[in-house]
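Asks: All I have is the shape, not the residue letters:
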């Protein structure tokens, strides 16, 4: 792109600098060493691990992920290689000297497990930030912590004093203005570096009319929706929390990002960075360079040279 060097996509999450504001959502092509190395070598601005538990987890039975023309549905069940793998991988990542931050996602199955995981990652080399997942909607029999505001406070009371790296939380989608306000009031009391909005919209149902069956096996077909289905909800959550949280807490947008325009809209709503999930599953690692190019093109057409020229400057009628 002509004069593209004058358009910067760099950003900052707390004290963590990203050369590009785009990176993967946890869960999308980030489970294995091969995945993580491919992310480090891609056009992504950071590498985010799969949500880790203490022990290896096989996850829910297949089929557990399905794509439609409008997005995806999944009920993965937190498959991951366990905390020791993702802590050790940080050393591999540092050896790459890619200049990209390595962020670990944590999703303990109990408060005690979250405390242990944060304590472990505090001591692991090469980890730049931690994203605490309060919003996994796809564990049978387990409620989402993010919808239990009292439990959110218990978790943050326990983990925030332990965190040495910048700590953020991944939130489920909220649908009521009062819930935005109540959750923001809670989060504003803690030294968080960021919040990620949103995880998938839980308990959707996609069916195959030809076979008259559901398309995924776990939970009788119920699963989390991503892609085009969730973009308006994601933008609403990004903008609500951008307006309600302390300026020191960055908002990371996630949901329905498949073009540079989608990324532009998330940033216009206030996002400091943008995660890509469903489209990364579809397109693999080239998605980052393509969306970055499209975002730069839009910025250049509008006369913007950096994200702060338009971030959070959504206009109202």
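Replies: Arrived safely, thanks for sending. None of these values were measured; they are calculated from a predicted model.
Asks: Show me the shaky parts of the chain.
Replies: 1-5, 90-97, 137-142 (pLDDT under 70).
Asks: In it, what residue spans correspond to helices?
Replies: Taking DSSP state H as the test, the helices found in the chain are 33-40, 83-96, 111-123, 149-159, 177-187, 231-244, 260-268, 278-283, 286-302.
Asks: Okay, buried residues for the fifth one please.
Replies: Yep, that's helix 177-187 we're talking about. By 16 or more other C-beta atoms under 10 Å, the buried positions in helix 177-187 come out as 180, 183, 184, 187. (Glycine included, C-beta is placed from N, CA and C.)
Asks: between these, which is nearest residue 262?
Replies: Using C-beta to C-beta, residue 180 comes nearest to residue 262 of these, at 21.5 Å.
Asks: Now do the contacts for the closest one.
Replies: Residues near residue 180 by C-beta atoms under 8 Å, 6 or more residues apart in numbering: 174, 237, 240, 241, 244.
Asks: Next one: it relative to residue 267, how far apart?
Replies: Distance of residue 180 to residue 267, computed by C-beta to C-beta, to the nearest Å: 19 Å.
Asks: still on that earlier bit, need the helices of the chain in CSV with distance to residue 166, can you?
Replies: Putting those into CSV (distance: least, C-beta to C-beta, whole Å) gives the following:
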stretch, distance to residue 166
helix 33-40, 19
helix 83-96, 15
helix 111-123, 12
helix 149-159, 13
helix 177-187, 14
helix 231-244, 17
helix 260-268, 20
helix 278-283, 23
helix 286-302, 22
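Asks: For residue 65, which of the ones you listed is the nearest?
Replies: helix 278-283 (7.5 Å).
Asks: Please compute how far that closest one lies from its chain's middle.
Replies: 14 Å (C-alpha atoms, centre = their mean, to the nearest Å).
Asks: re earlier: quick one, which of the helices of the chain is nearest to residue 18?
Replies: helix 286-302 (11.7 Å).
Asks: Which strands or helices does the closest one pack on?
Replies: Under the contact definition 3 or more C-beta pairs under 8 Å, 6 or more residues apart in numbering; DSSP states H and E, helix 286-302 sits against strand 22-24, helix 260-268, strand 271-276, helix 278-283.
Asks: Dump these to JSON lines, plus mean neighbour count and distance to residue 84.
Replies: Output for the helices and strands packed on helix 286-302, formatted as JSON lines (neighbours: other C-beta atoms under 10 Å; distance: least, C-beta to C-beta, whole Å):
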{"stretch": "strand 22-24", "mean neighbour count": "28", "distance to residue 84": "21"}
{"stretch": "helix 260-268", "mean neighbour count": "23", "distance to residue 84": "34"}
{"stretch": "strand 271-276", "mean neighbour count": "28", "distance to residue 84": "25"}
{"stretch": "helix 278-283", "mean neighbour count": "21", "distance to residue 84": "25"}
